[in-house]
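*Asks:* Return atomic coordinates for the entry below.
(one chain, ligands or ions: 2)
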Amino acid sequence: MSIKPKISAIPDAAGEPVSRLPAPLEWIARPLSRLSTSHFNLRAGLTSDTLISVLLIAAGVWYGHAHGNMRLLPAALTVLCGLFAFTFIEYAAHRWLFHGHTGPFEAGHNRHHVDPLGYDALPFFMPPLFMCALGALFTFALPAGYALLLAGVIAAGYAAYGSSHVMIHVHRFKSPLMRRWAGFHNIHHYHPEANFGVTTGLWDFLLGTRYQRQPRQTARY
Ligand SMILES: [Zn+2]
Ligand SMILES: [Zn+2]
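*Replies:* Ligands and ions are numbered 1, 2, ... in the order given. Got it, this is the predicted structure:
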């Protein structure tokens, strides 16, 4: 199976968005834009997203056990909170970052809408760095073991999202349930103002952006 899209990215090397950047940033934006549209980057991203989630979860569990302050119930609650938080991050990033007026992110995502089988994706090292920064941030509010576990679960959600998005665009599901699930995101490609969730439609349901089929106009005589 050839893998293809994941999500939006940095602007195209030859595209207008790069040239809109301040001159000092162009020298870094151009190589990043080339990287973010490469097949290598897509594969490296799927791998590094999975790897960082495993590492963060393992580090959290290890640290919690080593310091004797990790208990099963709070750990299970941390996992549930992480999954729940990820569903909102997925929705918010797609709705307000990739479909907002955000320059490079918006431009990269627009290209995914034009060519869902393209290779546009964030540079592979960005999400893992973000997840590590998130883990460090959580240590201000939580014991380090729980902080790393929480960041690891969010990273696992992101890894699942990346793989799911690729599968939705390259695989034809046979199961009616899976076809319905994939259809939720495919509808977004025809109606970009709706269905911002990819792994789940929960936040579209809660925030009223779930696609509603328009009733057919009946002819009046
Ligand atoms: Zn898509
Ligand atoms: Zn979109």
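*Asks:* Does S164 touch V198 like I think?
*Replies:* Yes. Counting by Cβ atoms under 8 Å, V198 is a contact partner of S164 at 6.0 Å. The way it works is simple: take the backbone N, C-alpha and C, and place the C-beta from them, glycine included.
*Asks:* out of these two, which sits in the busier spot?
*Replies:* For S164 versus V198, neighbours defined as other Cβ atoms under 10 Å are more numerous around V198 (22 against 18).
*Asks:* where does the more buried one land in three-state SS?
*Replies:* Following DSSP: H, G, I helix; E, B strand; the rest coil, we place V198 in the coil state.
*Asks:* doesn't M167 make contact with it?
*Replies:* No. Look at V198 against M167 with Cβ under 8 Å: they stay out of range, at 10.4 Å.
*Asks:* For T37, what are phi and psi?
*Replies:* Note on T37: its backbone torsions stand at phi -110, psi 10 [degrees, to the nearest 10].
*Asks:* Quick one: neighbours of it, just the number.
*Replies:* Residue crowding around T37 was assessed by other Cβ under 10 Å; the count is 21.
*Asks:* Please tell me how far it sits from P128.
*Replies:* Using Cβ to Cβ, to the nearest Å, T37 is found at 19 Å from P128.
*Asks:* Check G64 too.
*Replies:* Distance, G64 to P128, using Cβ to Cβ: 21 Å.
*Asks:* likewise H94?
*Replies:* For H94, the distance to P128 (Cβ to Cβ) stands at 19 Å.
*Asks:* What of G145?
*Replies:* Per Cβ to Cβ, G145 is found 20 Å from P128.
*Asks:* In terms of neighbours, single out the busier of these two.
*Replies:* A direct count of neighbours by other Cβ under 10 Å for G145 and P128 places G145 higher, at 24 against 21.
*Asks:* Nearest residue to A85 in space, please, no chain neighbours.
*Replies:* Nearest residue to A85, sequence neighbours excluded (Cβ to Cβ, 6 or more residues apart in numbering): I154, at 5.9 Å.
*Asks:* list the contacts for the one you found?
*Replies:* G82, A85, F86, I89, M131, L134 (Cβ atoms under 8 Å, 6 or more residues apart in numbering).
*Asks:* does it sit in a helix or strand, and which one?
*Replies:* In the assignment (DSSP states H and E), I154 maps to helix 144-170.
*Asks:* what's the helix or strand that that helix is followed by packed up against?
*Replies:* Next helix or strand after helix 144-170 toward the C-terminus (DSSP H and E): helix 176-190. Using 3 or more Cβ pairs under 8 Å, 6 or more residues apart in numbering; DSSP states H and E as the contact test, the elements touching helix 176-190 are helix 144-170.
*Asks:* go again using 10 Å as the cut-off
*Replies:* helix 104-114, helix 144-170 (3 or more Cβ pairs under 10 Å, 6 or more residues apart in numbering; DSSP states H and E).
*Asks:* And those: which comes nearest L73?
*Replies:* L73 sits nearest to helix 144-170 of all the helices and strands packed on helix 176-190, at 11.9 Å, using Cβ to Cβ.
*Asks:* mind listing what's buried in the closest one?
*Replies:* Within helix 144-170, the residues that count as buried by 16 or more other Cβ atoms under 10 Å are 144-166, 168-169.
*Asks:* Stretch 127-134 now?
*Replies:* In stretch 127-134, counting by 16+ other Cβ under 10 Å, buried: P127, P128, F130, M131, C132, L134.
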